[in-house]
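> Provided below are the primary sequence and the corresponding predicted coordinates.
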Amino acid sequence: MAGAVFGDKMYVLHGAGHVFEGEIAGGREISGVLTTVGGKKLPLHAQRIPPPPDADAHPLPDPPLSPERATPPPPNG
């Protein structure tokens, strides 16, 4: 994924070819349109919300780096 921000305008290109064009509002919201490779246009709106008041008091544990009984990834090639 690659993107750029110019003032309050935001442009993001996904590796699969999807494009998001939108605007940043108040530093906490973005809204715009995601255009898929197939040409579908989807309106999107996202808002950053504050964490719950006790989020720092009960942090989630870090996930294990290599889970037990994990299937190894397929070989390259």
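Everything's here; your move. Numbering: from 1, shown residues only.

> Could you give the bridge partners of Gly32?
Gly22, Leu44 (DSSP bridges).

> I figured it was touching Ile24, is that so?
No - with contact defined as Cβ atoms under 8 Å, Gly32 does not count as touching Ile24 (9.4 Å). Every residue, glycine included, has its C-beta placed from N, CA and C.

> Give the next helix or strand downstream of the helix or strand of the chain with the lowest mean pLDDT.
Least confident helix or strand, the chain: strand 2-6 with a mean of 91, by mean pLDDT, DSSP states H and E. Counting by DSSP states H and E, the next helix or strand C-terminal to strand 2-6 is strand 9-13.

> buried residues in that following strand?
For strand 9-13, the neighbour count (16 or more other Cβ atoms under 10 Å) marks 10, 12 as buried.

> packing partners for it?
strand 2-6, strand 19-25 (3 or more Cβ pairs under 8 Å, 6 or more residues apart in numbering; DSSP states H and E).

> Just say which of the ones you listed is most tucked in.
Greatest average neighbour count among those goes to strand 19-25 (a mean of 15), per mean count of other Cβ atoms under 10 Å.

> Low-confidence ranges, the protein, go.
55-57, 64-73, 77 (pLDDT under 70).

> Identify the spatial nearest neighbour of Thr35, chain neighbours not counted.
Val19 (4.9 Å; Cβ to Cβ, 6 or more residues apart in numbering).

> Enumerate every residue touching the one you found.
Residues near Val19 by Cβ atoms under 8 Å, 6 or more residues apart in numbering: 11-13, 34-35.

> could I get the residues you listed as JSON lines with distance to Ala46?
Shown next, in JSON lines, are these (distance: Cβ to Cβ, whole Å):
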{"residue": "Tyr11", "distance to Ala46": "16"}
{"residue": "Val12", "distance to Ala46": "12"}
{"residue": "Leu13", "distance to Ala46": "18"}
{"residue": "Leu34", "distance to Ala46": "11"}
{"residue": "Thr35", "distance to Ala46": "17"}
